[in-house]
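Chemist: turn this into a model:
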Amino acid sequence: MQKEKKHRPQSIRADKGLLCFQCETCSKEEAKYRCPRCMKYSCSLLCVKKHKLALSCNGVRDKTAFVSVNEFTDLNLLSDYRFLEDVGRTADAAARHCIVHSPATKRLLYFLRNKARGCNIELKTLPVGFTKRKENSTTFNSMENKFYWHLKLIFPHCHAEYTLKGVPDDKTLADILKPYIDPVESDPVVCQRLKIYTASPQSDVRILMKIENRSRNSVRYNELDASRSLLDNLKGKVIIEYPTLFVVLKTLKNDMVVLGQGEHIFISCYVILGYFSYINSS
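Modeler: Presented below is the predicted three-dimensional model:
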């Protein structure tokens with residue numbers, strides 16, 4: 001039985017000197033139960049049912065009830081942790097629900113793949129349950145005849161990653177990167193984190209995209225043209241769910257061959273591998 005700070009009917013057992021509480025429904029018998037939701041004391045199943053009916057109480061503990069900092073204990077922390085686990089399981093179950101596999105959902109994915117094919121882009125989607133499938137928010141506006149892409153930007157030299165949603169396909173890569181690496185237009189916090197990029201000449205910035213459908217021991221990247229639109233850069237490419245762009249610096253080069261649109265450039269493979277090691281350890 002938990003100790004109660006509020007004033008409640010209580011008595012002292014003469015034989016044992018123990019503090020006990022009276023039933024708050026009948027006020028006659030010694031309490032044996034305490035409601036997890038409203039914290040009312042009851043002596044029997046009958047009184048439990050009466051208090052639920054009188055107070056419209058369901059007897060289920062309110063996991064989102066406010067707890068002041070002074071009263072917050074390890075038990076409250078454990079309760080919050082379990083609550084978040086329950087939320088995660090519920091969200092995962094919802095993602096696997098049959099409605100996700102409904103004909104309407106399949107038609108939408110077919111529609112996106114068909115429109116991408118019309119733009120000379122091979123768009124591939126993953127089965128339900130994969131992280132990229134859950135994350136993907138790419139849409140196609142039929143009235144504007146335009147893709148609004150879910151886009152991920154990775155800055156391996158700084159171990160930074162940013163996700164963009166609703167990026168129009170006619171926007172140039174240079175404009176997409178301005179809020180991140182432009183010394184004037186970038187956010188101060190982002191600018192500080194990506195200072196190795198903002199401090200370097202814009203001509204040293206290279207944008208790479210992994211070439212899909214290659215063996216794991218033969219990873220290669222395409223170099224994209226920052227002055228051209230996102231759509232133009234994606235043409236002729238294979239995309240799994242959404243584009244993931246690696247923003248690297250030409251000056252930090254070593255021994256990794258990147259297939260570009262002009263001359264081959266070399267970017268350190270240790271930078272890319274270091275990024276993935278950082279992600280896996282975090």
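
Chemist: only C-alpha atoms from now on, for both contacts and neighbour counts.
Modeler: Will do.

Chemist: ok, now which ones touch the most centrally placed residue in the chain?
Modeler: Nearest to the geometric centre of the chain sits residue 135, at 7.5 Å (Cα atoms, centre = their mean). Contacts for residue 135 were tallied using Cα atoms under 8 Å, 6 or more residues apart in numbering; there are none.

Chemist: ok, it to residue 163 distance?
Modeler: Residue 135 sits 10 Å away from residue 163, taking Cα to Cα, to the nearest Å as the criterion.

Chemist: residues in contact with stretch 176-186: which ones?
Modeler: With Cα under 8 Å, 6+ apart as the test, stretch 176-186 has contacts from 187, 190-191, 194-195, 197-199.

Chemist: give the buried residues for it.
Modeler: By 16 or more other Cα atoms under 10 Å, the buried positions in stretch 176-186 come out as 176-177, 179-183, 186.

Chemist: compute the first-to-last residue distance for that stretch.
Modeler: Across stretch 176-186, the terminal residues are separated by 11 Å (Cα to Cα).

Chemist: the chain: helices as residue ranges?
Modeler: 45-55, 74-95, 103-118, 131-135, 173-181, 188-193, 195-198, 230-234, 269-281 (DSSP state H).

Chemist: closest one to residue 144 among those helices?
Modeler: Judged by Cα to Cα, the one of the helices of the chain that comes nearest to residue 144 is helix 103-118, at 12.7 Å.

Chemist: pull the distance from the closest one to the chain's centre.
Modeler: 24 Å (Cα atoms, centre = their mean, to the nearest Å).

Chemist: could you say what helices and strands it packs with?
Modeler: Other helices and strands packing on helix 103-118, by 3 or more Cα pairs under 8 Å, 6 or more residues apart in numbering; DSSP states H and E, are strand 122-124, strand 139-141.

Chemist: show me what the first one is packed up against.
Modeler: Counting contacts by 3+ Cα pairs under 8 Å, 6+ apart, the secondary-structure elements packed against strand 122-124 are helix 103-118, strand 238-240.

Chemist: tell me the mean pLDDT for the shortest one?
Modeler: Across strand 238-240, the average pLDDT comes to 91.

Chemist: residue 74: how many residues sit nearby?
Modeler: By other Cα atoms under 10 Å, the residues close to residue 74 number 8.

Chemist: before we move on, what about residue 238?
Modeler: 18.

Chemist: pick the most deeply packed of the helices and strands packed on strand 122-124.
Modeler: strand 238-240 (a mean of 18; mean count of other Cα atoms under 10 Å).
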